[in-house]
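1. For reference, the sequence and a predicted model appear below.
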Amino acid sequence: MKKWFAILLSAALLLSLSGCSGESPPDFSSSASSADVSQEEMPPSQPQPFTLAFYPEFSLHPALAGSRANLTLAPLLYESLFTVDSSFQAQPLLCRSFAVSEDKLVWTFTLRSGITFSDGAPLTGQVVADALNLARASGSRYQERLVDITSIAVLEEAPDQVVVTLSRPNGSLPLLLDIPIALGRSDRPAGTGPYVLSEDELSLTARSGWWQADKTLPTASISLLAVSRSDDLIYGFDSGDISLVDVDLTATNAAGYGGNYQTWDYPTTDFLYLGLNANKGVFRSADVRRAVCLAVNRDAIATTIYSNHAIATLCPVHPASKLYQPGETPLTYNPEELAAQVERLRLKDCKLVFLVNSENVAKAAAAQRIAYHLEAAGFAVELKQLPFEDYTAALAWGEFDLYLGETVLTADFDLSPLLSSAGTLNYGGWTAEGADALLAALQGAGEDKAACAAELFALLDEQAPIVPILFKSCSVLTQWGQLSGLSPVRGNAFYQIENWNLEAAP
C-alpha cells in the first residue's frame, strides 16, 4: 500500500509541474506498470548537452543571413557597437565613447582598444565602417533602419574612430547600432564574440582571447545540431535534442512547439494599432476618431488573444521605454461611453469598412473583437478579412474606414513613417498643423527627448489619428529546468549570458 501511495504521490507532483504555458502533461506510457518495480530501480536520467540549432546550408553572416536559427547564434559569435536593453536604452559595447554635432547630423564613435576578432585581426575603425556600409547596402536585413546614413568614414589621423553622417537629425542613433560587426562578408566571418565556430561546424567553443575575459561563460562548448527544415527544428526541440529556440509565438504561420519547456518573453518594437481613414468618411472628424478609441479593449486583446505574449499600450512607444507618457485622461475601453458618443454624434447604423489581414490568426481575432464592440455600440461594421496582397492593395487605394495594422518600429521609435504627412505607412492620410515639426523634433532630440514625446503625444491624444493597441513580445523557449538566469532582449537571446546557470552542462 505504501508503494502504491508513493507512486500516486509522485504522479500528482509531476502533473502539478506541467501547468506552465506551452507544456503538456508528462507521458506516463513508459512508466513502470507494476508495483514490484521501485523508483530506485529506474535508470538515472543522463544530462543533455546544451545544444543549439544550426542550418549549415545557410549563411551565418549577421547582416546577410536569412535563417532565424542562424541569426539566433549571432550574439555568441559577433558583437555590436551598442546593445539595446529591455527598456530600449543604448548600452556601449565595442564603442568606448561617442560625440554628436549640435545639429545631430554627425556622430563620431571611438572604439575600445585591444579587441581582436577570432582570427586574431584587430578591431579597427575601417573594419567597423566596412561592416556598417555592408549593413546599409542592398540585401542586408538592416538596410531600412540605416536609410538616413549618407556616409561612414574613418579619419586617417584617428583610425579608432568612425564618423557617421546623416541626412536628417537623429538624437538617438546609438539605438540603431546594435548591429553585429563581422569581419568581411563571407558566410562564416570572424567575430569578436565569446565563442567561435569549430572547424567541423559541430560546436561553438569559448574563445581564449575574448576581450571580456573577466566574465564567466556558463559553458566552454555549445553543441550544434544541423537541421535543414523547420520540421527538423521543431522535432529537435520537442525531443529535447535542442536546448533553446528564439521564436515569435504569435507570428503568421508560427511553428507549434511541444514538450516541457520554459518561456522567457522579451519586449519588441512590433506595434499593433488601429488605423483610421482621415481623408474620407466619418473618421475625418477627430471627435469620431476619439470615440472609436473606446471600442478597443487593449488588455483583453493582449492577455487573451495574444496569450500574454504582448503588452497593452496607450502610446505608440513601448511602455518599457522612458518616452512612454500616456495622457492624464487616456481614451481607454469604455463601451457605455462609446454608445453615448454614437448617439451624440449621430453615428447610429453608420457603416464602417474594417480591413484586416486574414493570414494571421491573432490579428483576425483581435479585429473580430473590436468589430463586435463597434456593432454593440450602434455601428454597422463590414469586416473584410483579406489575404496580405489584397489587404495592402486596399490600404494603398484608401478603400477602408479603419484597419488593423502592424509594423516593426525602430528602437528609437521613429514615428515619421506612420504619422508624418509623407509617411509611407500613413494610409489614413492624417495631417495636422505642427505634426511634422513635432515628429522631427522628437527624432532629433537628445536629452530633451521625453519632453518632445510628451508634446507630440498630447497632439495625438487630441487628434487620434491611430489607436495604439499593443506591442508584441517574442519568446526564448528552453528545456524545462535546464537553464536559469536568462534576460533576453530584442535580437539577443544571450544578453548577459554571464549570469546564466546551466543546470545540465556536461
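-> Received, thanks. Numbering: from 1, shown residues only.

2. CA only for contacts and neighbour counts going forward, please
-> OK.

3. gap between residue 271 and residue 317?
-> The spacing between residue 271 and residue 317, counted by CA to CA, to the nearest Å, is 8 Å.

4. more crowded one of these two?
-> Remark: of residue 271 and residue 317, residue 317 carries more neighbours, 26 against 23, as counted by other CA atoms under 10 Å.

5. From residue 206, how far out is the nearest residue to residue 276 once chain neighbours are set aside?
-> Leaving out its chain neighbours, the residue that sits closest to residue 276 by CA to CA, 6 or more residues apart in numbering is residue 402, at 4.4 Å. Here residue 402 is placed at a distance of 52 Å from residue 206 (CA to CA).

6. quick one, phi/psi of the nearest residue to residue 301 once chain neighbours are set aside?
-> Here the nearest residue to residue 301 in space, its sequence neighbours aside, is residue 366; by CA to CA, 6+ apart that works out to 6.2 Å. When read as degrees, to the nearest 10, the backbone of residue 366 gives phi -60, psi -40.

7. Then the one 3 residues further on?
-> Summarising the backbone geometry of residue 369 under the convention degrees, to the nearest 10, its torsions are phi -70, psi -40.

8. okay, now it: neighbour count?
-> Counted with other CA under 10 Å, residues neighbouring residue 369 total 17.

9. swap in residue 437?
-> Burial of residue 437, expressed as a neighbour count using other CA under 10 Å, amounts to 12.

10. Check the secondary structure at it for me.
-> Using DSSP: H, G, I helix; E, B strand; the rest coil, the structure places residue 437 in helix.

11. cool, and residue 83?
-> Three-state secondary structure (criterion: three-state DSSP) places residue 83 in strand.

12. what does residue 327 give?
-> On the three-state scheme (three-state DSSP), residue 327 is labelled coil.

13. Neighbour count: residue 402 and residue 206, which is higher?
-> Summary of the neighbour comparison: residue 402 and residue 206, criterion other CA under 10 Å, with residue 402 having more neighbours (25 against 21).

14. about what we covered before: report pLDDT for the residue nearest to residue 276.
-> Here, the pLDDT recorded for residue 402 equals 98.

15. can I assume it is in contact with residue 279?
-> No: here residue 402 lies out of contact with residue 279, judged by CA atoms under 8 Å, at a distance of 11.3 Å.

16. circling back: next up, the contacts around the residue nearest to residue 276.
-> Contacts for residue 402 (CA atoms under 8 Å, 6 or more residues apart in numbering) come out as 274, 275, 276, 277, 352, 353, 354, 355.

17. And it, its phi and psi?
-> Its backbone dihedrals place residue 402 at phi -150, psi 160, with angles given as degrees, to the nearest 10.

18. The stretch 401-506 of the chain: helices as residue ranges?
-> Using DSSP state H, counting those that start in this stretch, the helices of the stretch 401-506 of the chain run over 416-419, 435-444, 449-463.

19. Residue 443: neighbouring residues, count only.
-> The tally of other residues near residue 443 (other CA under 10 Å) stands at 24.

20. mind listing what it touches?
-> Residues in contact with residue 443 (CA under 8 Å, 6+ apart) are 169, 170, 171, 172, 412, 414, 449.

21. do that again at 6 Å, thanks
-> With CA atoms under 6 Å, 6 or more residues apart in numbering as the criterion, the residues that contact residue 443 are residue 170.

22. Quick check: the gap between residue 305 and residue 454.
-> Note on residue 305: its distance to residue 454, by CA to CA, is 30 Å.

23. Just say helix, strand or coil for residue 58.
-> Assigned state for residue 58: coil (three-state reduction, three-state DSSP).

24. And residue 311, by the same measure?
-> strand.

25. Who does it form a beta bridge with?
-> Applying DSSP bridges to residue 311 gives these bridge partners: residue 471.

26. What confidence value was assigned to it?
-> 98.

27. Double-check it against residue 473; I have them as touching.
-> No: at 7.4 Å, residue 311 does not count as touching residue 473 under the criterion of CA atoms under 6 Å.

28. Which one's more surrounded, the two?
-> Shown here are residue 311 and residue 473; by other CA under 10 Å, residue 473 has more neighbours (25 against 22).

29. Give me the number of neighbouring residues for residue 450.
-> With neighbours defined by other CA under 10 Å, the count for residue 450 comes to 17.

30. Ok, residue 232 next?
-> Other residues near residue 232 number 14, with proximity taken as other CA under 10 Å.

31. Report the separation between it and residue 259.
-> Using CA to CA, one gets 15 Å for the distance from residue 232 to residue 259.

32. swap in residue 496?
-> Shown here: residue 496 relative to residue 259, a distance of 27 Å by CA to CA.

33. Look at these two and report which has more neighbours.
-> Per other CA under 10 Å, whichever of residue 496 and residue 259 has more neighbours is residue 259, with 19 against 15.

34. excluding its backbone neighbours, what's nearest that one?
-> If the residues on either side of it in the chain are set aside, residue 259 comes closest to residue 238, at 5.2 Å by CA to CA, 6+ apart.

35. Ok, residue 348 next?
-> Nearest-residue entry for residue 348: residue 378, 5.0 Å, with adjacent residues in sequence omitted and distances by CA to CA, 6+ apart.

36. Please apply the same query to residue 501.
-> Leaving aside its sequence neighbours, residue 501 sits nearest to residue 484 (CA to CA, 6+ apart; 5.2 Å).

37. What's the local residue count around that neighbour?
-> By the measure other CA under 10 Å, the count of residues near residue 484 is 15.

38. How about the one 3 residues further on?
-> As a burial measure, residue 487 scores 19 neighbours (other CA under 10 Å).

39. So for it, what's the pLDDT?
-> pLDDT for residue 487: 97.

40. Then the one 5 residues further on?
-> Reported pLDDT at residue 492 in the predicted model: 97.

41. The residue lying closest to it once chain neighbours are set aside: which element?
-> Closest residue to residue 492 apart from its sequence neighbours, by CA to CA, 6+ apart: residue 75 at 6.0 Å. Element membership of residue 75 [criterion: DSSP states H and E] is helix 68-77.

42. List the buried residues for that helix?
-> Residues of helix 68-77 classed as buried: 69, 70, 71, 72, 73, 74, 75, 76, 77 (neighbour count, 16 or more other CA atoms under 10 Å).

43. So which of those residues is the closest to residue 145?
-> residue 71 (17.4 Å; CA to CA).

44. what number of residues lie near the nearest residue to that closest one once chain neighbours are set aside?
-> When the adjacent residues along the chain are set aside, residue 71 lies closest to residue 62, with 6.3 Å between them (CA to CA, 6+ apart). A count of neighbours around residue 62, defined by other CA under 10 Å, yields 30.

45. Quick check: residue 62 vs residue 369, distance?
-> Noted for residue 62: a distance of 39 Å to residue 369, by CA to CA.

46. Also residue 165?
-> Distance of residue 165 to residue 369, computed by CA to CA: 46 Å.

47. Repeat that for residue 475.
-> Following CA to CA, the distance that separates residue 475 from residue 369 is 25 Å.

48. shouldn't the residue nearest to residue 259 be in contact with residue 256?
-> No: the pair residue 238 and residue 256 does not pass the contact test of CA under 6 Å, sitting 9.6 Å apart.

49. the more surrounded of these two?
-> Neighbours per residue, other CA under 10 Å: of residue 238 and residue 256, the larger number sits with residue 238, 18 against 10.

50. picking that back up, alpha carbons of the helix holding residue 75, in PDB - could you do that?
-> Only the C-alpha atoms of helix 68-77 are listed here, as PDB (Å, rounded to 0.1, in the frame of the first residue of the first chain):
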ATOM      1  CA  ARG A  68      16.300  32.800 -37.800                       C
ATOM      2  CA  ALA A  69      18.000  29.900 -36.200                       C
ATOM      3  CA  ASN A  70      21.400  31.100 -37.600                       C
ATOM      4  CA  LEU A  71      20.700  34.600 -36.500                       C
ATOM      5  CA  THR A  72      20.000  33.400 -33.000                       C
ATOM      6  CA  LEU A  73      23.600  32.200 -32.900                       C
ATOM      7  CA  ALA A  74      24.900  35.700 -34.000                       C
ATOM      8  CA  PRO A  75      25.400  37.300 -30.500                       C
ATOM      9  CA  LEU A  76      27.600  34.300 -29.400                       C
ATOM     10  CA  LEU A  77      30.000  35.000 -32.400                       C
END
